[in-house]
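Chemist: got a structure for you, letters missing:
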């Protein structure tokens, strides 16, 4: 039985005549999209474009003399991301469910390539593959998606089929194996920030799956023990250890390891209620805060748009999370619930960590602010995630 939205309600993919084959199908899909989610994400990307432009327009060493360079590239990344979202909605999360093994294998292969001579080091992390022409990709961003999809596929398979009420212990172990392998590879780069996000995603996925709480508590304990073990074995680079030291003691080296956080707090504090005005921030124009177009983009908002502008970003991120929670709650299949929960955990923790490190309440971990920070890989990944959320909403059974 097929619904009027162009998807098979009982199947796992689009009808053979295609999602966009009829006007009525197109209208139905458009009506069923979560517009508050979509518009909030678009506004965030638009604000991000202005902040990135302000942070880079005077930096000739980055722009090559073109003050609009990063503005246009951010808008291009957003356009590509929105296109990927549309493609994801058209394919559907159920169709992608069948392609998870292939997608997972490709993503793991890409992060393995990072550890070979093909990989490149940017901002201290050997986490990139340079394509050429000034373009590079960060495979760990796409691994986040395949971890969520892979774990959801395993954890939901027998529950959605009606064979189980909750995933059994063997299924949980298999799903954890899907996450552990890429996390271990990413840790070798080392990209501690991405590993932290993935760990929180895993917890969110397990909580949504209905797995025993003993697994969640056990993983939290293992994570704490693992952190001590990683430190003891010297797997962290010196700059990462210094970041945690500066977080624990901000006055340790204010001109050295604590410089980023101190300058970020000065920039945000100087904005006051309404900010100094776009393009008029002294910290931003003076280039006192490093990596302002990426990891520290929130400091531009705090300085130039003030509490009002920074608060707007928080509200919009809150709307994205609220709508994602609603999608997770309303879907009737465990697979969709788990996918949505993994995305919620990803967006929530990464946003908290990024903003928190600019305020000095979290250690600096080199994570972009979703939708706002400059960066193609991150932008593409978060918009694919929005496409998955929209697909879950669009393909939910129509109720009377």
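Modeler: Yep, that arrived. The structure displayed is predicted, hence computed values, not measured ones.

Chemist: now the longest strand seen in the chain: average pLDDT?
Modeler: Among all segments of the chain classified by DSSP state E, the strand with the greatest residue count is strand 125-132. Along strand 125-132, the predicted confidence averages to a pLDDT of 78.

Chemist: ok, now stretch 95-105?
Modeler: Computed over stretch 95-105, the average pLDDT equals 92.

Chemist: what comes up buried for that stretch?
Modeler: Buried residues in stretch 95-105, defined by neighbour count with 16 or more other CB atoms under 10 Å: 95, 96, 97, 100, 104. Where C-beta positions appear, they are placed from N, C-alpha and C, glycine not excepted.

Chemist: can you list the weak-confidence ranges in the stretch 51-200 of the chain?
Modeler: Under the criterion pLDDT under 70, the flagged ranges of the stretch 51-200 of the chain are 123-125, 132-134.

Chemist: so which residues of it form strands?
Modeler: 119-122, 125-132, 135-137 (DSSP state E, counting those that start in this stretch).

Chemist: from the buried residues of stretch 95-105, which two are the most distant?
Modeler: By the measure CB to CB, 95 and 104 form the most distant pair in the buried residues of stretch 95-105, at 15.3 Å.

Chemist: so how far is the first residue of stretch 298-305 from its last?
Modeler: Using CA to CA, to the nearest Å, one end of stretch 298-305 lies 10 Å from the other.

Chemist: neighbours around residue 395, how many?
Modeler: Around residue 395 sit 27 other residues, with neighbours defined as other CB atoms under 10 Å.

Chemist: does it really touch residue 97, like I thought?
Modeler: No: here residue 395 does not reach residue 97: they are 11.1 Å apart, not a contact under CB atoms under 8 Å.

Chemist: which non-adjacent residue is nearest residue 281?
Modeler: For residue 281, the nearest residue in space outside its immediate sequence neighbours is residue 303; the separation is 3.9 Å by CB to CB, 6 or more residues apart in numbering.

Chemist: list the contacts of that neighbour.
Modeler: If you count contacts by CB atoms under 8 Å, 6 or more residues apart in numbering, residue 303 has them with 267, 268, 270, 271, 275, 276, 281, 282, 283, 284.

Chemist: mind checking how far it is from residue 292?
Modeler: 10 Å (CB to CB, to the nearest Å).

Chemist: please apply the same query to residue 48.
Modeler: Using CB to CB, we find residue 48 at a distance of 12 Å from residue 292.

Chemist: can I get the contacts of residue 303 in a markdown table with distance to residue 111, neighbour count and secondary structure?
Modeler: A markdown table is the format used below for the contacts of residue 303 (distance: CB to CB, whole Å; neighbours: other CB atoms under 10 Å; DSSP: H, G, I helix; E, B strand; the rest coil):
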| residue | distance to residue 111 | neighbour count | secondary structure |
| --- | --- | --- | --- |
| 267 | 33 | 27 | helix |
| 268 | 34 | 25 | helix |
| 270 | 39 | 18 | helix |
| 271 | 38 | 24 | coil |
| 275 | 39 | 21 | coil |
| 276 | 41 | 19 | coil |
| 281 | 37 | 26 | coil |
| 282 | 40 | 13 | helix |
| 283 | 35 | 23 | helix |
| 284 | 34 | 27 | helix |
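
Chemist: what is the nearest of those to residue 376?
Modeler: Using CB to CB, residue 284 is the member of these that sits closest to residue 376, with 22.4 Å.

Chemist: skipping its backbone neighbours, what lies nearest the closest one in space?
Modeler: The spatially closest residue to residue 284, leaving aside those adjacent along the chain, is residue 300, at 5.4 Å (CB to CB, 6+ apart).

Chemist: show me what the helix or strand harbouring the one you found is packed up against.
Modeler: When secondary structure is defined using DSSP states H and E, the element that contains residue 300 is helix 297-300. Contact partners of helix 297-300 among helices and strands, from 3 or more CB pairs under 8 Å, 6 or more residues apart in numbering; DSSP states H and E: helix 35-56, helix 259-270, helix 282-285, helix 334-359.

Chemist: list the contacts for the residue nearest to residue 284?
Modeler: Residue 300 makes contact with 51, 54, 55, 267, 281, 284, 292 under the criterion CB under 8 Å, 6+ apart.

Chemist: check residue 63 too.
Modeler: Contacts for residue 63 (CB under 8 Å, 6+ apart) come out as 56, 57, 69, 70.

Chemist: ok, now residue 380?
Modeler: 77, 80, 81, 84, 141, 142.
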